[in-house]
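Asker: Coordinates for the following, if possible.
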Amino acid sequence: MLRSLKGILPLSLVMSMFPLTAQATHVMGSDLGYRHVAGNEYEVTLVVFRHCDGIALASVQNIAVLSTTCSVDTIVSIGSIDQQVQGTGCPGLLTVCQGGNAPGLEIVTYRDTIDLGMACSDWVISWSQCCRQSNISNLSNASQFGATNRCTLDNLNHPGNDSPVFQQFHLPYFCSNELFCLDNGAYDADGDSLGYSMMVPLDENGAMLSYEPGFSITEPFPSANGHQFDPFTGNHCAIPGMLGDYALAYLVEEYRNGVLVGSCMRDLHLITLNCPAAQYAFEGTVSDTLGDPVDQGEVELYVYGLNAAGSVLYGTTPIDAQGQYSFLNVPFGQYILRAVPDSLGQPGLATSYWLNTHFWSFAEVASALCDSTFVCDIMLTGIGDLAGSGYIEGYLGDLGIRSSGLGVAWPGVSVFLEDLSTGQWIAFTRTDQNGIYQFDQVPDGNYRIVLDHPGLPMLSYHAVSLANGSNTWTGIDYAADASGFQAVLSVAAPGRIEERMMKVYPNPAEGSMIMIDGFGNERSSIEVLDAAGRSVLTWHGPSPKGSITLPIGGLPTGTYVARSVRSDRSVRFVVR
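Answerer: Below is the predicted model of the structure:
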């Protein structure tokens, strides 16, 4: 059902009619997000986590919609579409949701499409609910306050944007004196760069709550060796040092060409327990895209951690003739599994994680509070044959992750060619012994190159445009350090470019495009730097008649330098 903002009562009036009374729903957290449908229509999804010993959630939830610049202050209602009860996964350890005594979690999903009706730069979409539980240890008078979750949206300057979507939250428990990593990784359908931060939880009015003495954003619960938080992946790791209930909140912001285009938050209530010593077993079947078992390759078991340093390879095991694998007597912890097909015997299949994804931050994290056997069947992601004439080649240099040297070739890393407009990947390869990756017979189009290794996020990308007369790209290089993969602009790419004076117009730029003259007639690589010398945009594409059209939409007002990578020439321009 489409919810229009027209004719809906102002938020202030609705709130006076239905005040947020303390109805003890015992909310344990929430996620909120949106997806562009068409025009000013957006599909809003709210996921609420509730402790089962409170009052049940209503089947309809109110979503507040606010824009100060457009003078909009109203609410819309969205209905529930799914409800699940999350147990401990341990025989004999039933939650209160199941008639037992262990803390239980109910997950309710709400969704509907709303019509904003106009384009505004400062939309805030939010959900509020009373009340938090009284046994939350790190907030002052927690039971006297509710919770708010909110997203921001700018459909004036960035129409059609989709918000990041957090990984599904499963268990609210973590074990005292055991390393725990919370997976806050998010997926962005538009391919925007994501930045994460910890934030103060909000009350039902959107105000920041107060911490009890000794607690803070960076120390939300007692820990043995402090808290480690990765701003590139959102992963939060710590060793809890005290039993209790704790409220936490996280913010994910999405950037496009260095410009903030939207944000969403996650609000959580976590519980520290004394956990018994446990051992795990992992087993399953690896199959191709048709569901048929494969008989070659191996499965890797990784300890799930903060980054590449924490995501340690625990072990590998071969896939047998029936497509099966197993790991036995695995110690307590958090793990992810990756199936690696044989590159010669299975050339049309890519490295894939449980549950059936090609990128590590979307992988399912396996963990339990007791002795458990995880059945983890993995379906390998398949790729089709390319039928074009383009060629893309690059190099991956290891800046000290697996070797002591800098820029050492890193073989065996998964590389995906992704359609820039749809976000779908169309080809897969791996770096060879010299760190080189290659894509051949690539059709004309706009692409980006994505690399995958457990614990390493993509910090920046190469975008490549293939068109008639510009079908070969080399020097599309990447480097990997402890922070992640980042695009490197090679100055040693083959092909001599005639030296010319670069000119840019219009300058100052007031639109979303500028034209730059002074190139050869084949291909060009451009890096745009801001006034602080930071790279905010890279572009690769054809330069017909010696000129290029560079998209600069979203760059804030300021002075920039556009640098030609192949000839190392530059030109300054101003954005107004």
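Asker: Would you mark the buried spots in stretch 535-548?
Answerer: 536, 537, 538, 539, 540, 541, 542, 543, 547, 548 (16 or more other C-beta atoms under 10 Å). All C-beta atoms are positioned from the backbone trio N, CA, C, and that covers glycine.
Asker: Quick one: mean pLDDT over that stretch.
Answerer: Throughout stretch 535-548, pLDDT has a mean value of 75.
Asker: Stretch 240-247 now?
Answerer: Across stretch 240-247, pLDDT averages out at 91.
Asker: what's the span of it from first residue to last?
Answerer: Across stretch 240-247, the straight-line distance between its terminal residues is 14 Å, by C-alpha to C-alpha, to the nearest Å.
Asker: And for that stretch, what's in contact with it?
Answerer: Judged by C-beta atoms under 8 Å, 6 or more residues apart in numbering, the contacts made with stretch 240-247 from elsewhere in the structure are 132-133, 135-139, 142, 174-178, 180, 201, 209, 220-224, 267-274.
Asker: coming back round to it: redo the buried residues of stretch 535-548 as a markdown table? Include secondary structure and distance to residue 359.
Answerer: As requested, those are exported to a markdown table (DSSP: H, G, I helix; E, B strand; the rest coil; distance: C-beta to C-beta, whole Å):
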| residue | secondary structure | distance to residue 359 |
| --- | --- | --- |
| 536 | strand | 24 |
| 537 | strand | 23 |
| 538 | strand | 21 |
| 539 | strand | 24 |
| 540 | strand | 22 |
| 541 | strand | 26 |
| 542 | strand | 29 |
| 543 | coil | 32 |
| 547 | strand | 36 |
| 548 | strand | 31 |
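Asker: Distance to residue 66 added to the residues you listed, as TSV?
Answerer: Supplementary listing: these in TSV, determined by distance: C-beta to C-beta, whole Å:
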residue	distance to residue 66
536	30
537	31
538	36
539	36
540	40
541	40
542	44
543	45
547	44
548	41
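Asker: list the contacts for the closest residue to residue 455 other than its chain neighbours?
Answerer: Setting aside the residues directly before and after it, residue 455 is nearest to residue 311 in space (C-beta to C-beta, 6 or more residues apart in numbering), at 3.2 Å. The neighbours of residue 311, taking C-beta under 8 Å, 6+ apart as the test, are 302, 303, 304, 305, 336, 360, 454, 455.
Asker: Nearest to residue 350, out of the buried residues of stretch 535-548: which one, please.
Answerer: The shortest separation between residue 350 and any of these is 23.6 Å, and it belongs to residue 540 (by C-beta to C-beta).
Asker: ok, the closest one touching residue 474?
Answerer: No. Using C-beta atoms under 8 Å as the test, residue 540 is too far from residue 474 to be in contact (10.8 Å).
Asker: tell me which element residue 526 is part of?
Answerer: When elements are assigned from DSSP states H and E, residue 526 belongs to strand 523-529.
Asker: Run through the neighbouring helices and strands of that strand.
Answerer: The helices and strands touching strand 523-529, judged by 3 or more C-beta pairs under 8 Å, 6 or more residues apart in numbering; DSSP states H and E, are strand 535-542, strand 547-551, strand 558-564.
Asker: mind putting those strands in TSV, distance to residue 67 included?
Answerer: As requested, these are arranged in TSV below (distance: least, C-beta to C-beta, whole Å):
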stretch	distance to residue 67
strand 535-542	27
strand 547-551	27
strand 558-564	26
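Asker: Tell me the residues that contact both of residue 540 and residue 474, please.
Answerer: Contacts common to residue 540 and residue 474, judged by C-beta under 8 Å, 6+ apart, are absent.
Asker: Torsion angles phi and psi at residue 361?
Answerer: Dihedral angles of residue 361 (phi, psi; degrees, to the nearest 10) stand at phi -70, psi -10.
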